[in-house]
Structures are given as C-alpha cells and as structure tokens.
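K.L.:
just the structure for this:
(2 chains)
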Amino acid sequence: MTGYLVRRAGQMALTLFLIVTLTFFLVQAQPGDYATFYALNPDIPAEVREQIKASFGLDKPLWQQYLVHMKNTFTGNFGVSFGHFPRPVMEVIGERLPRTVVLFLSATAVSFYVGFFLGKAIAWRRGGVLEYAATISGATLFTAFTPAFALMMIWIFAFKLGWLPIGKFLDPLIWRGAEVSANHIFSYMLLTAGAFVVFAFLALLATRKIGRFGTGRVPVLLIGLGAVAIPIAWAFTGVGYLALDILRHMILPIATLTLISFAGTMLLTRNSMLETMREDYVMAARAKGLPEKVVRDRHAARNALLPVITSLVYSLIFAIDGSVIIEGVFSWPGTGLTLLEAVRSEDLPLVMGAMVFIGLFSLLAHVIVDVLYVYLDPRIRYH
Amino acid sequence: MIERPPNQPPTAGEGSSLFGDVPEIDLSRGRVDLALVRLRLAWRTLRDGWSIFVESRIGLLSLAIIGVFALMAFSHPLLMATVWTPDVYDPVTGYAFDQFDHPASPTWRHPLGTDSLGRDILSQLLFSARSEFILGITAALVTVGIATTVGAVAAYYGGLVDSLLMRLADLIIALPGISLLIVLSALFSLNLFYLALIIGVLGGFGGTAIILKSQALSIRVKPYIEAARAAGGGHFHVIFVHIIPNLLPLSLLYMMFTVTGAIFAEAVLSFLGLLDIRMSWGIMIHTANVGGYLLGGTEYWWLIVPAGASITLLCSAFYLVGRALDEVVNPRLRRHDG
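P.N.:
Numbering: from 1, shown residues only, chains lettered A, B, ... in the order given. Just a heads-up that it's a prediction; the model follows:
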C-alpha cells in the first residue's frame, strides 16, 4: 500500500510538472509578449518592474525562462497579481482555496450519497414511475444549463421567497462592527466541521467494534448529540452570528452544485446495479430467504459500488468545473471566481496560479478516489 | 425505415439500381455478391439495433427532439431567404422597427419577442441551432476519429505505445475541461471551429480513448484477428479493417456524449462572454444577463426561457439517445435477453 502511494505521488508530481509546462507554453504561444504585460502596466512602479523582470528572467532566452518559471512554481512563487497588486498570487489563492474546497467537498459528499441511494432504488424497482421521474429529472438537472439553473435558484429562493441571501460570501451590514476577520471565523468553522466528521467516524467505528447491543441507535444518538452541541458551543463564543451569516451564504451554492451533480452518480449506480442484480450471488441471497432490503443493500449495492467509485473521477472533475461556474454566478469568492476575474482582467500570473491550483486539486481528488477503490475492493492489492 | 420481410434476398431490380450494370460483368461478380452480403448484414444489424432502441421510449422521444432542432436549424436560412427581411430579422444586426421599446413582448411579427437591442429572439434561436449542430458534430467526429485510432493502436501494439497514450489520457482526464477552456479563451480568441477542435482533441485523447481501448483489448484476442495476421495482413490492415470497424458501435455512443459536452461548454463560455462567436444560445442569455433582465424573473421570460430550455433540451436529448444506444451496444443492460 505504501509503495503504491509513493508511486502514485510520483505520477502526480509528473502530471503537475506537465500541467505547469503546458500553462507556460500556452502563455508563450499567445499573441503578444508576456513581458509587455509587466512593462505596460502603469500601476507597477519601475523598480518593482525590474525586480519582477529579474525574478521571472524575462530578459533571458526561452529555455532559461522556462527553467526559472519551473523553479518559481515549485517554490510557490507565482509572482505578483496585477488585479490585487501588490499582493502575491500565492496569498490571494491561499485566502480563497478553503472556500472552494468547502463548497466542493460538501456538495460532492451530499450528491454522492443522494445519487447512490436513488440509483439503487430505481434499479431495484425497474420500470416504475419513480424510474421515469428520477431518470428524466436527473438527466435534465445533469445537462441543465448550469448558469441559467443557478440564476433560477437565486431567483426563487433568494429573490422571490427571500429565504437566503442572493450571493457573495458574507453580509457587510452584519460584519460592520465585527472585530475578527471573515477568514478567521471561516477557518474555525472548518476546524469544527472537520472535528465533527472525525467524531462521527469514530463513533460509527466504536459501535461497530463493541458489538451487537443497540448498534442501530447508539451512533445515531452520539452523532445527534454532537450536532446539537456544536451550535451551542458556537453560541457561547460570541461570534456565532457571524458564522451563521457565512453558513446562510453557503446553503444555496452547495444545494445548486448538489442538484446538478447527483444525477451522474445516480445513472451510473443504476446501470451498475442492473449488472450486479443478474449475478448468481444475488439469487443465492434471495434463495437463502434474506429480506429484500438486505439483498439490495448488502449484496447487490455493495458490489455495484465499485464501478461507481471508478467513475467518480469523472463526477469529481464535473463538480470542479461546476463549482467554477457556480462560484461565478453566486459571486462566491473562491478559486473559480478568482480564475474568472483574472481571465477577464488579463491578470496572467493569477490565471496561471489559479489554473495550477485547480489542476492540483483535481489530481488530489483523482488519487483519493484510487486509494478509496483499493480500500473498498478487497480483491485488489497494489504492491 | 423501409419495411422488407426478413431473410428475403434483395430483388434483381434493387441490386441493379444500387450497382448499375455491374452484375453482367463476370469478373467482379464475386465482389458484388460480397458487397451485397455485407450490405444485408449491416441492414440486419441496423434493424435489430433499431428494434432494441425503440423499446426505450425516452430514447425515441429524445431522437424526436433532436429532429425538431435539426428542422429548426434548416428553417433559418429558408425563412431568411423568403419571408424575413435581413434588416429586421438578422440575428446580430437586425432591428425591429415596428416596436417602440425593447425588449418587446411576443407579437405576431416576432413570436418570441425581441431582446434588449431590438433583435428578433426566434431568429436568434433558429440561427444558433445550426451553429450548435456544427459545433457538436465537428467536436464529436474529431473525438471519435482520434479516440478509435488511439484506442485501437494502444490495444494492438501494447507496451510503450500503450503506456504513453494511456498516461496522456490520464493527464487529460485529470484536467478540468471548462477551467482549461476558460484559461485558453483568456489567451487566444476562440471561435466556433477552434472550440470544436479543442474539445474534440481533449475528448479524443482523454476519457473516450481509455474506454475504446478497453473494448479494443477484447477484440484483439478474438480468433479472426489472429487469422487475419496469419493470412498475411499487415499491422495497419488489421487495425483499420478488423479492429476499428468493430469499435464503431461503441464510438457512436461516445459521439453522443461528446456532443452534449461540446454544446454545454460552448454555452457556458458564451454565457461568461469569453468566446468569439456571432450568436449562440449562451450569448442570448449573456445579453439578457448583462442588461440585468435575469432577476426580473417571469416578467422578461422570453429573454431567458427559449435559449435556456433549448440548451437543456438539446444537451439532454443527445445524452439520453446515448444512454438508449448504450442498451443496444451493451447487452447486459437490457431488460430481456437477446
């Protein structure tokens, strides 16, 4: 397993190297000169310009520039953003990356669970009304024009009903008197969420290890207790209302991203279930007289999960692209919106930085899926 | 579909109409027979496939939707040539003089109203349908052309060629396509043709190649490949005559998915205002958004509903046709056997 992880990390580094090379040569291949962007920008003082020129090696031949660029990238120096001058690209991205990660992770987790559950159900009762309804609505949502769909969600839930804020990350009116920064609050929210996930996982693991008594109730009770304790703890810190504001802004983008991406998993699960349902072991499980639910969940669905995990890479990439679009429509200041803004204002260092990070993000997702697959399929052991 | 009773040889009339006077020449008699047999085999496969396809009502409905859009695409040049005058109905430069304020709600002259610049929405909608088809089909052909070749070559040769091509495919899969296209649009001015080419190349060397390769692997071990090699067939002959034709049904399936992806990508990039295209459904929504009409909701429905619904309908129609074809190509998904 360790050997596999090391090899996979090596492959990832190689792929990242290729992505950086690709972005470098794309920028070189474009009409005009990268250097003139610096030279012609009046916002940059002359001495800073010289400094940047030297650090990027813009007066040297192409191959030397390439080496300098590679060195800069892997030491985390993406240069200075034009749009956010004089902040370095790394700082801008570092501030915004967690917001994208949260949006993406929560939407992916929810949509995977919902998609798998629905796919399982519609494959089991084939030909029912549920199958037609779920297939059509799922495919429509999956292929719906994401920006228009997101705007429709905003129009219904934020504009007409007024339940949720229209967009952005926070409400300035609430934050006016606040003494802590939004990022500070947000990182503590992340810590809380992470701790809760670990707690829930441990609770499930512990009850499974302990044995049979009350296995159904205990984890639910423990997790419920944790879920109740968190808001109470936040309320005592005195900044709970700020966290609540961020939370309110998160709901609509996450819900939209979930709705557009659950169908992929659902349709895949359905196909995969239809294949496993024909296997002999499903018939054997039925013949043993096991309840339908156990046959479906433990025998058919458990094996149908594997191809779905393999294709999870596609769903993840779809969700990463989706989150770029969703961030653009909801003005959610994450990496995707940063990329869009940078593209529109021709902020090239930020474009390249954001692209490298989005690439890195999808590579990581890819590796995690592979490792998950090894964990779920006991037949596969990588040496 | 032309109806013909099964297993009945084609009549002499049909044969001569297809191949002229060839049957009279003795030398090529065998070749013509072979061609006829192949034609009949292809016809039978098509008919069997069609009868399975028809079972899926969603697939049939989607095919009808695609047909309607194709009719729309063909009707635009006809309408422009006959009843629509270019200075009023041109999708980009037209102006509806008969209305005083724009966007105007639907009237008899403008069945879907006009946009904020006084241009006829129906004309824009029909004009865009054609460019979506051109984009989708170009991208799909490029993808399938590259992917079948890459898949067949990788499966046939194996070894270094295989691992190089497959690592490249892994790299492309790991790239988020829309984000990459956004970056490309910042650096270059992308028009419809370049966009189709880029989407096609990315798809062809990416995921589709991997799937077609795994199919080609199962074809490579079939006895007829060995027989073809033993009979003295060269590598290229085996790849292009024996492997690729057997990959075509599966590649047809992935063409459908590529079309969906291409239309979707174009719409998103146009919506963000990043493409160099005259008119498309995405640009129509972009125009409405820039003018601030989107949060007007149902008040200005004709600015967003026709274009948004067209994108969704055409994308999901191609996607669902692909899924119905999946049941034809992949027997394990069928409700009944055989």
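
K.L.:
so which bits of the stretch 151-300 of chain B are right by chain A?
P.N.:
B:167, B:170-171, B:173-180, B:182-188, B:207, B:260, B:264, B:267-268, B:271-272, B:274, B:281-282, B:285, B:289, B:294-295, B:297 (C-beta under 8 Å from any C-beta of the partner chain). (C-beta placed from N, C-alpha, C; glycine too.)

K.L.:
now, those that are in helices?
P.N.:
B:167, B:170-171, B:173-174, B:177-180, B:182-187, B:207, B:260, B:264, B:267-268, B:271, B:281-282, B:285, B:289 (DSSP state H).

K.L.:
ok, how many other residues are close to residue 60?
P.N.:
All of this refers to chain A. 14 (other C-beta atoms under 10 Å in any protein chain shown).

K.L.:
let me rephrase: I mean chain B.
P.N.:
Quick note: residue B:60 (other C-beta under 10 Å) scores 15 neighbours.

K.L.:
cool, residue B:107 as well?
P.N.:
13.

K.L.:
am I right that it is in a helix?
P.N.:
No. Read with DSSP: H, G, I helix; E, B strand; the rest coil, residue B:107 is coil and lies in no helix.

K.L.:
quick check: it touching residue B:113?
P.N.:
Yes. Contact status for residue B:107 versus residue B:113: in contact at 7.5 Å, counting by C-beta atoms under 8 Å.

K.L.:
one step back: would you list the buried entries among the ones in helices among the residues of the stretch 151-300 of chain B next to chain A?
P.N.:
Using 16 or more other C-beta atoms under 10 Å in any protein chain shown as the burial test, those include B:170-171, B:173-174, B:177-180, B:182-187, B:207, B:260, B:264, B:267-268, B:271, B:281-282, B:285, B:289 as buried.

K.L.:
how about the host helix or strand of residue A:65, does it reach chain B?
P.N.:
If you go by DSSP states H and E, residue A:65 is part of helix A:62-74. No. Helix A:62-74 does not reach chain B (C-beta under 8 Å from any C-beta); its nearest approach is 15.2 Å.

K.L.:
and stretch A:146-166, by the same measure?
P.N.:
Yes. Residues of stretch A:146-166 contacting chain B under C-beta under 8 Å from any C-beta: A:146-148, A:151, A:154-155, A:159-160.

K.L.:
what is the burial count for residue 313?
P.N.:
If you meant another chain, say so; for now it's chain A. So residue A:313, with other C-beta under 10 Å, has 21 neighbours.

K.L.:
sorry, I should have been clearer: chain B.
P.N.:
For residue B:313, using other C-beta under 10 Å, the count is 19.

K.L.:
buried set for the strand or helix carrying it?
P.N.:
According to DSSP H and E, residue B:313 maps onto helix B:301-329. By neighbour count on 16+ other C-beta under 10 Å, the buried set for helix B:301-329 is B:301-304, B:306-308, B:310-329.

K.L.:
my guess is residue B:242 meets residue B:223, correct?
P.N.:
No. Residue B:242 lies out of contact with residue B:223 (C-beta under 8 Å); the separation is 11.2 Å.

K.L.:
of the two, which one has the most company?
P.N.:
For residue B:242 versus residue B:223, neighbours defined as other C-beta under 10 Å are more numerous around residue B:242 (20 against 8).

K.L.:
so where's the chain uncertain?
P.N.:
The chain I'm using is chain A. A:1, A:30-41, A:52-53, A:55-58, A:208-218, A:379-383 (pLDDT under 70).

K.L.:
can you look at chain B instead?
P.N.:
Checking chain B against pLDDT under 70 turns up B:1-29, B:296-297, B:331-338.

K.L.:
what helix or strand is the nearest residue to residue A:69 once chain neighbours are set aside on?
P.N.:
Among residues not flanking residue A:69 along the chain, residue A:24 sits closest, at 5.2 Å (C-beta to C-beta, 6 or more residues apart in numbering or on different chains). Following DSSP H and E, one finds residue A:24 within helix A:2-29.

K.L.:
quick one: that helix to helix B:177-187, angle?
P.N.:
Put simply, helix A:2-29 runs at 30 degrees to helix B:177-187, going by axes from the mean of the first three to the mean of the last three C-alpha atoms, to 10 degrees.

K.L.:
residues of the host helix or strand of residue B:141 that come out buried?
P.N.:
Secondary structure assignment for residue B:141, by DSSP H and E: helix B:121-157. Neighbour counts over helix B:121-157 (16+ other C-beta under 10 Å) mark B:121-133, B:135-136, B:138-144, B:146-156 as buried.

K.L.:
need the CA coordinates for stretch A:108-119. CSV is fine.
P.N.:
Extracted in CSV, the C-alpha atoms of stretch A:108-119 (Å, rounded to 0.1, in the frame of the first residue of the first chain):
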residue,chain,number,x,y,z
THR,A,108,-19.8,16.1,-3.6
ALA,A,109,-20.5,14.2,-0.4
VAL,A,110,-24.2,15.0,-0.4
SER,A,111,-24.7,14.4,-4.1
PHE,A,112,-22.8,11.1,-4.0
TYR,A,113,-25.0,9.9,-1.1
VAL,A,114,-28.2,11.0,-2.7
GLY,A,115,-27.2,9.7,-6.1
PHE,A,116,-26.2,6.3,-4.9
PHE,A,117,-29.4,5.9,-2.8
LEU,A,118,-31.7,6.9,-5.7
GLY,A,119,-29.8,4.9,-8.3
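
K.L.:
list the buried residues for it?
P.N.:
So stretch A:108-119, judged by 16+ other C-beta under 10 Å, has buried residues A:108, A:110-112, A:114-119.

K.L.:
residue contacts, the residue nearest to the spatial centre of chain A?
P.N.:
Central residue of chain A (C-alpha atoms, centre = their mean): residue A:104, 2.5 Å from the mean position. By C-beta atoms under 8 Å, 6 or more residues apart in numbering or on different chains, the contact list for residue A:104 reads A:257, A:319-320, A:323, A:361.
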